[in-house]
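A.B. asks: A predicted structure for the sequence below; I have some questions about it.
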Amino acid sequence: MRIAQHVWDPKTGWRFESAPAGASDASLLLVFGATAALDRAEAVDALRQRHPSAHLVGCSTAGEITGTRVHDDSIVATAIAFERTGVEVARAAIDDAAHSAQVARLLADDLVARHAGLRHVLVLSDGLKVNGSELAAALRSALPAGVSATGGLAGDGDRFARTTTLADGVATSAQVVAVGLYGSALRVGWGSMGGWDPFGPWRRITKASGNVLHELDGQSALALYKSYLGEHAAGLPASALLFPLALDDGDGGCGLVRTVLAVDEATGTMTFAGDMPVGLQARLMKANFDRLVDGASGAAQAGVAGLHDAPAELALLISCVGRKLVLRQRVEEETEAVQDALGPQARLCGFYSYGEICPQGTMGVCELHNQTMTVTTLSET
């Protein structure tokens with residue numbers, strides 16, 4: 001696997017890294033950038049000219065990662081020339097969150113039908129028009145046994161206005177993109193961890209529809225949430241990134257964490273990145289700086305374990321925008337923790353997202369996560 005990384009910003013344009021031998025023939029180009037930056041056709045066209053044979057795939061972000069650096073309002077591109085791994089790209093439009101499962105099944109079926117030997121699927125979705133829980137669940141059921149899937153939901157800073165994904169270089173809203181990686185030479189590891197502390201009492205979800213939460217303990221969910229946020233309530237929905245909700249894991253502990261995407265003042269409801277099942281209990285979470293960084297390290301360590309003693313050559317980092325807003329000037333501590341865990345040979349790329357898709361634990365099935373650092377490690381044998 002040969003890798004080259006490039007960075008664009010509006011002041012200096014592209015800073016192209018000298019590609020190692022063979023990297024100019026990359027088959028996959030992962031591109032992550034600010035929404036407005038990806039609208040700059042000339043910036044994306046320059047990438048196509050430099051790597052004409054690569055599938056150009058990516059999404060808009062709430063921050064871009066290359067190495068241990070975290071950028072804003074930029075574009076980062078990672079060109080990957082695999083030696084023994086095939087690459088295919090599928091895409092599907094999504095205009096309504098209710099179609100999330102259908103879209104996931106279409107993408108999975110498409111990639112499975114392309115070639116034998118599908119090993120892993122990287123999925124990048126519009127961050128605002130999808131139910132991430134349903135997307136992940138449908139991928140889980142549609143992909144063959146032994147095929148893993150990771151990825152994330154595109155971001156738009158803390159604006160929540162418009163997100164885009166790229167398939168072969170065209171930035172489009174309301175789209176889900178899936179990259180299929182094929183061949184027995186590819187080894188894949190993954191890990192996803194949080195680091196948030198719970199506070200306040202558990203409250204039962206008494207009314208919800210999919211990912212729209214209406215009531216907790218029979219009360220307006222939004223009104224109750226605002227009572228906990230206090231002065232932070234004026235900044236909704238962005239301020240909700242600092243106070244996600246954890247769902248009961250069934251054993252009285254905090255399981256999957258959910259992030260607020262939108263609030264509706266008229267109905268008193270809150271829209272989350274994933275499902276809020278009626279009957280489960282939910283609890284507010286708040287940040288713990290040291291535990292957030294420890295969580296990033298733990299995710300990377302899990303990614304290393306999945307490679308079965310092979311060194312990580314490339315790591316895709318997808319971390320939640322809420323973590324970035326909390327860590328602020330300390331944000332690069334979590335990327336540095338990942339690098340330390342993987343070793344200096346691993347090249348890092350990624351973005352800050354509106355949701356992370358990753359298997360839960362060591363199983364190959366995927367779940368939607370929020371407020372986590374998710375690390376996907378790749379190596380060829």
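C.D. replies: Right, received. Where do you want to start? Residues are numbered from 1 along each chain as shown.

A.B. asks: Run through the strands of the stretch 51-200 of the chain in chain order.
C.D. replies: Assigned by DSSP state E, counting those that start in this stretch, the stretch 51-200 of the chain shows strands spanning 55-60, 64-66, 69-71, 75-81, 86-93, 118-125, 148-153, 165-167, 170-172, 175-182, 186-193, 196-209.

A.B. asks: Comparing these, which stretch has the densest surroundings?
C.D. replies: With neighbours taken as mean count of other Cβ atoms under 10 Å, the strands of the stretch 51-200 of the chain reach their highest mean count in strand 148-153, at a mean of 29. (Each C-beta comes from the backbone N, C-alpha and C, glycine too.)

A.B. asks: longest single helix anywhere in this structure?
C.D. replies: The longest helix of the chain (DSSP state H) is helix 289-305.

A.B. asks: which parts of it are buried?
C.D. replies: Residues 292-304 are the ones in helix 289-305 that count as buried (16 or more other Cβ atoms under 10 Å).

A.B. asks: got any ranges where the stretch 251-381 of the chain has weak pLDDT?
C.D. replies: Residues of the stretch 251-381 of the chain meeting the criterion pLDDT under 70: 251-254, 361-365.

A.B. asks: And the helices in it?
C.D. replies: Counting by DSSP state H, counting those that start in this stretch, the stretch 251-381 of the chain has helices at residues 289-305, 321-327, 332-342.

A.B. asks: Keeping just the C-alphas, turn stretch 279-295 into CSV.
C.D. replies: C-alpha atoms of stretch 279-295 as CSV (Å, rounded to 0.1, in the frame of the first residue of the first chain):
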residue,chain,number,x,y,z
GLY,A,279,-39.3,2.1,26.3
LEU,A,280,-35.5,2.6,26.6
GLN,A,281,-34.1,4.9,29.2
ALA,A,282,-31.9,7.9,28.3
ARG,A,283,-29.4,10.0,30.3
LEU,A,284,-27.5,13.2,29.6
MET,A,285,-23.8,13.1,29.2
LYS,A,286,-21.1,15.7,29.7
ALA,A,287,-17.4,16.0,28.6
ASN,A,288,-14.4,14.7,30.5
PHE,A,289,-11.3,15.9,28.7
ASP,A,290,-8.9,13.2,29.8
ARG,A,291,-11.4,10.4,29.2
LEU,A,292,-12.1,11.8,25.6
VAL,A,293,-8.4,11.5,24.8
ASP,A,294,-8.2,8.1,26.5
GLY,A,295,-11.2,7.0,24.4
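
A.B. asks: now stretch 194-203: mean pLDDT?
C.D. replies: Mean pLDDT, stretch 194-203: 88.

A.B. asks: List of residues touching that stretch?
C.D. replies: With contacts defined as Cβ atoms under 8 Å, 6 or more residues apart in numbering, stretch 194-203 is touched by 216-217, 224, 228, 244, 246, 248, 254, 257, 281-288, 291-296, 369, 371-373.

A.B. asks: about what we covered before: quick one: closest of the strands of the stretch 51-200 of the chain to Thr377.
C.D. replies: Proximity to Thr377 (Cβ to Cβ) singles out strand 186-193 among those, at 4.1 Å.

A.B. asks: Figure out the length between the terminal residues of stretch 272-284.
C.D. replies: Taking Cα to Cα, to the nearest Å, stretch 272-284 runs 14 Å from one end to the other.

A.B. asks: All the strands of the stretch 251-381 of the chain, residue numbers only.
C.D. replies: 254-258, 260-264, 269-272, 281-287, 314-320, 347-353, 355-359, 366-369, 373-380.
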